[in-house]
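In: next come a sequence and a model predicted from it.
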Amino acid sequence: MEPKGRLIGVVGAIALAAVIVGGVIGWAIGHSGRKAATVAETTVSGGTVDPHVAAGAHDFVQFACAQCHGLGGRGGVSADVPALTGLGTALTVDQLTSIIDHGLGESANPDKPYMPVWKGVVSPAQVSDLVEYIRAGLPDVPLAEPVPIPEGQGAAVAGSRLYVRYGCINCHGPNGLGGIPNPEAEDKTIPALAGADFREEFNTDAKVGEMIRSGSVIGKPPIVSMPHWGGILSDEQLADLVAYLKTFS
Ligand code: HEC
Ligand code: HEC
């Protein structure tokens with residue numbers, strides 16, 4: 001080996017040793033830290049947030065609670081949907097769990113949104129996290145944000161993001177393939193939005209749009225129903241969703 005090559009070899013070995021030592025120290029620091037705090041916490045501006053509260057904040061976005069009750073439950077979407085920020089601990093864990101699992105019944109006015117039934121779609125662990133998040137006062141949690149809707153890329157593209165933002169995907173599956181269980185309903189599943197059966201029944205844009213606008217309560221809780229989106233989604237957003245649904249097989 002040339003002297004220069006040997007020197008590079010020695011320097012390389014030292015660098016490698018430094019990386020290994022650094023890694024071991026880093027591992028040790030990480031582990032001692034974990035021992036001190038038994039629960040890992042997310043850092044938010046001005047403090048930390050309990051992992052269950054953080055999970056609840058993400059569930060609140062994923063299941064589109066935020067699209068009806070406003071981001072952080074601050075209201076402002078529709079006069080018919082209450083803000084949740086003022087609730088604090090006014091409702092017990094059991095009361096909140098029951099409202100989320102079973103809804104609050106259909107509105108007496110069929111033109112108004114109602115609180116949907118979530119049992120079976122939102123898991124018991126997720127409901128428990130949502131309850132903790134609401135009782136903690138719905139604090140801001142980093143990255144618990146709805147997906148943005150691209151502009152100027154056409155109706156079907158906007159619709160594809162609305163399908164996620166408004167939580168349609170949780171009940172009807174990716175690409176409208178369906179298969180999500182609804183044990184108390186007659187056909188035992190939430191319907192697919194793709195396939196011949198769907199296209200046969202919903203053979204015009206108007207029929208699809210009307211179904212999304214008015215929703216459908218197919219029975220009493222615990223049957224999961226189609227939420228009423230009139231007053232929540234604009235006519236343009238409805239048209240975008242209809243355009244997206246047309247891209248399904
Ligand atoms: C389609 C719109 C819509 C969606 C989505 C929705 N809600 Fe609601 N929610 C409502 C309406 C409307 C009410 C009021 C119903 C009533 O008073 O009869 C309500 C009521 C509530 C209440 C009771 C508030 C009170 O002051 O008593 C809670 C708690 C609640 N919703 C939580 C949630 C959570 C958690 C989610 C997500 C899993 C969610 N909601 C999703 C429309 C919605
Ligand atoms: C909480 C679960 C849930 C969510 C969220 C939901 N749906 Fe539904 N949807 C249902 C159920 C249940 C039915 C069946 C209702 C019935 O048979 O009366 C349905 C029916 C439909 C239908 C008619 C299909 C058929 O065969 O009856 C369309 C179209 C539809 N939903 C579109 C959407 C869109 C678009 C969104 C998002 C904006 C959405 N749904 C969000 C549960 C849901």
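Out: Perfect, thanks for sending it. Quantities reported herein were computed from a predicted structural model and do not represent experimental measurements. Ligands and ions are numbered 1, 2, ... in the order given.

In: just the helices in this protein please.
Out: 3-36, 51-62, 65-69, 93-102, 124-135, 155-165, 168-172, 196-201, 205-214, 235-245 (DSSP state H).

In: looking at these, which is buried most?
Out: The highest average neighbour count among those, using mean count of other C-beta atoms under 10 Å, belongs to helix 65-69 at a mean of 24. (C-beta placed from N, C-alpha, C; glycine too.)

In: give me the contact list for stretch 118-130.
Out: 52-53, 55-56, 59-60, 63, 65, 96-97, 100-103, 170-171, 180-183, 190, 221-222, 224 (C-beta atoms under 8 Å, 6 or more residues apart in numbering).

In: run through the residues that contact Thr85.
Out: 72-75, 137-138.

In: now with 7 Å?
Out: When contacts are counted by C-beta atoms under 7 Å, 6 or more residues apart in numbering, Thr85 touches 72-74, 137-138.

In: cool, Asn170 as well?
Out: Contacts of Asn170 by C-beta under 7 Å, 6+ apart are 62-63, 121.

In: let's see that with 10 Å instead.
Out: The contact partners of Asn170, by C-beta atoms under 10 Å, 6 or more residues apart in numbering, come to 62-64, 118, 121-122, 164, 180, 190.

In: so for Trp229, which of the helices of the chain sits nearest?
Out: Checking those against Trp229 by C-beta to C-beta gives helix 205-214 as the closest, at 5.4 Å.

In: do the closest one and ligand 1 meet?
Out: No - Helix 205-214 lies out of reach of ligand 1 by C-beta under 6 Å from any ligand atom, never closer than 11.0 Å.

In: re earlier: turn the helices of the chain into TSV, columns for distance to Lys112 and mean pLDDT.
Out: Below are the helices of the chain laid out as TSV (distance: least, C-beta to C-beta, whole Å; pLDDT from 0 to 100):
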stretch	distance to Lys112	mean pLDDT
helix 3-36	49	43
helix 51-62	22	98
helix 65-69	12	98
helix 93-102	17	96
helix 124-135	22	98
helix 155-165	21	98
helix 168-172	20	97
helix 196-201	25	95
helix 205-214	10	95
helix 235-245	16	98
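
In: among those helices, which is nearest ligand 2?
Out: Each of these was scored for nearness to ligand 2 using C-beta to the nearest ligand atom, and the closest is helix 168-172 (2.8 Å).

In: what about the closest one and ligand 1, any contact?
Out: No - if you take C-beta under 6 Å from any ligand atom as the test, helix 168-172 misses ligand 1, and the best it gets is 9.4 Å.

In: mind checking how far that helix is from the chain centre?
Out: Distance of helix 168-172 from its chain centroid, counting by C-alpha atoms, centre = their mean, to the nearest Å, is 10 Å.

In: cool, and stretch 181-195?
Out: Counting by C-alpha atoms, centre = their mean, stretch 181-195 comes out at 20 Å from the chain centroid.
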